[in-house]
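In: Here is my input; please provide its structure:
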Amino acid sequence: MDALEALNTRRSIRAFTPRPVSLDVVRELIRAAMHAPSAGNEQPWHFLILTDREILDRIPDFHPYAGMLAESPVAVLVCGDHRQEKHPGMWVQDCAAATQNLLLAAHAKGLGAVWVGIHPREDRIEALRGLIELPPDVIPFALVPIGHPAETPESEDRYRPELIHLNTW
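Out: The predicted model follows:
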């Protein structure tokens, strides 16, 4: 799959088959995530691979949009680390770019994934911090459940020329 095809056909997948995803494949997806651009090349991210069924099953208790974790064999938690910041506050953009790379890599490998937002919701941040014992300077940003898709949503053309401006508004 070429880059434009991946960009234009990626969809959020919330239903997964029971087939496992190998940790080697997950590491390959994280490698792609780590190739995201970051401010000053600070790369202020950490990635937690979650496979423990007990942990995955507890997240929907405090996150109302994480129900798909019941079917997902693995999830990646993208976190920002204030200790790695050269440019304060830019970690959010850096982690967003890494999360998008992770989603595109999963799609390119034939896997399904969805972006489950954590930051800036303090209730979700603190619940995850307690569940997986994150250090104080590490902020959970996004959770990405990954699996073999049990659904195939239609691609849609989201191009809207009325949102494009040339030189001036």
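In: pLDDT score for the residue lying closest to H35 once chain neighbours are set aside?
Out: Spatial nearest neighbour of H35, chain neighbours left out: N101 (6.3 Å); criterion: CB to CB, 6 or more residues apart in numbering. Quick note: C-beta positions are derived from backbone N, CA and C, even for glycine. In this prediction, N101 carries a pLDDT score of 98.
In: Count the residues that sit near N101.
Out: When neighbours are counted by other CB atoms under 10 Å, N101 registers 20.
In: Need the residues that contact the helix or strand encompassing it.
Out: Using DSSP states H and E, N101 sits within helix 91-108. With contacts defined as CB atoms under 8 Å, 6 or more residues apart in numbering, helix 91-108 is touched by 1, 6-7, 9-11, 28-30, 32-39, 42-45, 76, 78-82, 84-85, 112-115, 119, 139, 141-142, 144, 146.
In: If any of those are buried, put those into a PyMOL selection.
Out: The PyMOL command for the buried members of the contacts of helix 91-108 (criterion: 16 or more other CB atoms under 10 Å) is given here:
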select buried, resi 6+10+11+29+30+32+33+36+38+39+43+44+45+76+78+79+80+81+84+85+112+113+114+115+119+139+141+142+144+146
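In: which phi and psi does the residue of the chain positioned farthest from its centre have?
Out: What lies farthest from the middle of the chain is T168; by CA atoms, centre = their mean that is 33.9 Å. Backbone torsions for T168, taken as degrees, to the nearest 10, come to phi -140, psi 170.
In: can you check N167 too?
Out: phi 70, psi -40.
In: separation between H82 and P161?
Out: 40 Å (CB to CB, to the nearest Å).
In: rewinding a little: distance of the residue nearest to H35 relative to T17?
Out: 24 Å.
In: Report the separation between the residue nearest to H35 and P18.
Out: Relative to P18, and taking CB to CB, N101 is found at 27 Å.
In: now the helix or strand bottoming out on mean pLDDT in the chain: how far from the chain's centre is it?
Out: The weakest-scoring helix or strand in the chain, judged by mean pLDDT, DSSP states H and E, is helix 3-9 (a mean of 94). Computed by CA atoms, centre = their mean, to the nearest Å, the chain-centroid distance of helix 3-9 equals 17 Å.
In: Toward the C-terminus, what is the element adjacent to it?
Out: Per DSSP H and E, the helix or strand that comes after helix 3-9 is helix 23-33.
In: tell me the angle that following helix makes with helix 91-108.
Out: 130 degrees (axes from the mean of the first three to the mean of the last three CA atoms, to 10 degrees).
In: Cool, thanks, signing off.
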